[in-house]
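**Student:** After the sequence you'll find the predicted model.
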Amino acid sequence: MSEVKISAEPRTEFGKGGARRTRRAGKVPAVLYGHGEKPKHIALPAREFAAAIRHGGANQLFAIEISDGTQALALPKAIQRDPIKDTFEHVDLLLVRRGEKVAVEVPVQLVGEAATDTLIVHEHASLAVSAEATKVPDHLEASIEGMEAGSQVTAADVKLPAGVELTADPELIVAAVTAAPTAEQLAATLPEVEEEPVEAEEGVEGEEGAAEGETAETAEEAAEQRAEA
């Protein structure tokens, strides 16, 4: 992965209040640490940092030029985001040297098409590997081409670029292929809807009752009139 040059400035304000003021200024609070050096608090330009992460992923290598004249090569070790605003709250950056190996988590992408009428369950989205700091891959690939239901992809099946070593358990299940449910199985999972009985409208019943009452009264009057005649 190619490195991204980014500027930074020393950060003298700490705590929640200082971090908020840093973010309001359009910067991301960050700390540089590693190699036994004293942690260094810096502020990174938020827009440039976000663009680099979008392009290179969470393992993007940064060549940091600090305004006090120092330089550093670092990898993001922990990134805190605001889940609502989707902004960066804080970044921990690990100092690295060219040629040294680092332990990182790399995303795994599934490629190919499994057999028809199957579903893919992605059990683990990333794998722990060891790689040179300047050659950390942005992703790894695992093929599911033609896999039938009941098949699995393990960590050992994932392709690793030259110089990258797997540190995760080789038997770790990355993805599983299962049979897709049939229409009958899907229908069986749907809740049954009971039809409610239709109640007669009170107004209609009242009108019908009144009509029946009027008919009876009319019949009685007709009988009385015949008797008098």
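**Tutor:** Sure thing, it's come through.

**Student:** any idea of the mean pLDDT for stretch 69-80?
**Tutor:** Mean pLDDT, computed over stretch 69-80, is 95.

**Student:** next one: stretch 186-194
**Tutor:** pLDDT averaged over stretch 186-194 gives 75.

**Student:** What are the buried residues along that stretch?
**Tutor:** Within stretch 186-194, no residue qualifies as buried by neighbour count (16 or more other C-beta atoms under 10 Å). C-betas here are computed from N, CA, C, even on glycine.

**Student:** for stretch 75-92, same thing?
**Tutor:** By 16+ other C-beta under 10 Å, the buried positions in stretch 75-92 come out as 75-77, 79, 88, 91-92.

**Student:** where does residue 204 land on pLDDT?
**Tutor:** Value listed for residue 204 in the pLDDT field: 48.

**Student:** Export stretch 42-57 to CSV, keeping only CA atoms.
**Tutor:** Coordinates of each C-alpha in stretch 42-57 appear next as CSV, following Å, rounded to 0.1, in the frame of the first residue of the first chain:
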residue,chain,number,x,y,z
ILE,A,42,-1.0,16.0,17.3
ALA,A,43,-3.9,17.3,15.2
LEU,A,44,-4.6,16.0,11.6
PRO,A,45,-6.6,17.8,8.9
ALA,A,46,-10.0,16.1,9.1
ARG,A,47,-10.8,16.3,5.4
GLU,A,48,-7.4,14.9,4.2
PHE,A,49,-7.4,12.2,6.8
ALA,A,50,-11.0,11.1,5.9
ALA,A,51,-10.2,11.0,2.1
ALA,A,52,-7.1,8.8,2.8
ILE,A,53,-9.0,6.3,4.9
ARG,A,54,-11.8,6.1,2.3
HIS,A,55,-9.3,5.3,-0.4
GLY,A,56,-6.8,3.1,1.5
GLY,A,57,-8.8,1.7,4.3
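
**Student:** Any regions of this protein where pLDDT drops low?
**Tutor:** 1, 193-229 (pLDDT under 70).

**Student:** Would you map out the domains in the protein?
**Tutor:** Split into domains by automatic domain parsing, the chain comes to 4-96, 103-187.

**Student:** and the last one, how far from the chain's centre?
**Tutor:** By that I understand domain 103-187. 17 Å (C-alpha atoms, centre = their mean, to the nearest Å).

**Student:** now the strands for this structure?
**Tutor:** Under the criterion DSSP state E, strands of the chain are mapped to 4-10, 27-34, 37-45, 62-66, 71-82, 87-95, 101-111, 118-122, 126-132, 140-143, 152-154, 165-166, 173-179.

**Student:** Which elements pack onto the fifth one?
**Tutor:** It refers to strand 71-82. If contacts are counted by 3 or more C-beta pairs under 8 Å, 6 or more residues apart in numbering; DSSP states H and E, strand 71-82 sits against strand 27-34, strand 62-66, strand 87-95.

**Student:** Kindly recompute the last result at 7 Å.
**Tutor:** strand 62-66, strand 87-95 (3 or more C-beta pairs under 7 Å, 6 or more residues apart in numbering; DSSP states H and E).

**Student:** Give the pairing partners of that strand; include direction for each.
**Tutor:** strand 62-66 (antiparallel), strand 87-95 (antiparallel) (DSSP bridges).

**Student:** ditto for the third one
**Tutor:** Each strand paired with strand 37-45, and its direction, by DSSP bridges: strand 4-10 (antiparallel), strand 27-34 (antiparallel).

**Student:** between these, which one is nearest to residue 18?
**Tutor:** The closest of those to residue 18 is strand 27-34. By C-beta to C-beta, the value is 7.6 Å.

**Student:** Could you give the separation of that closest one from the chain centroid?
**Tutor:** 25 Å.
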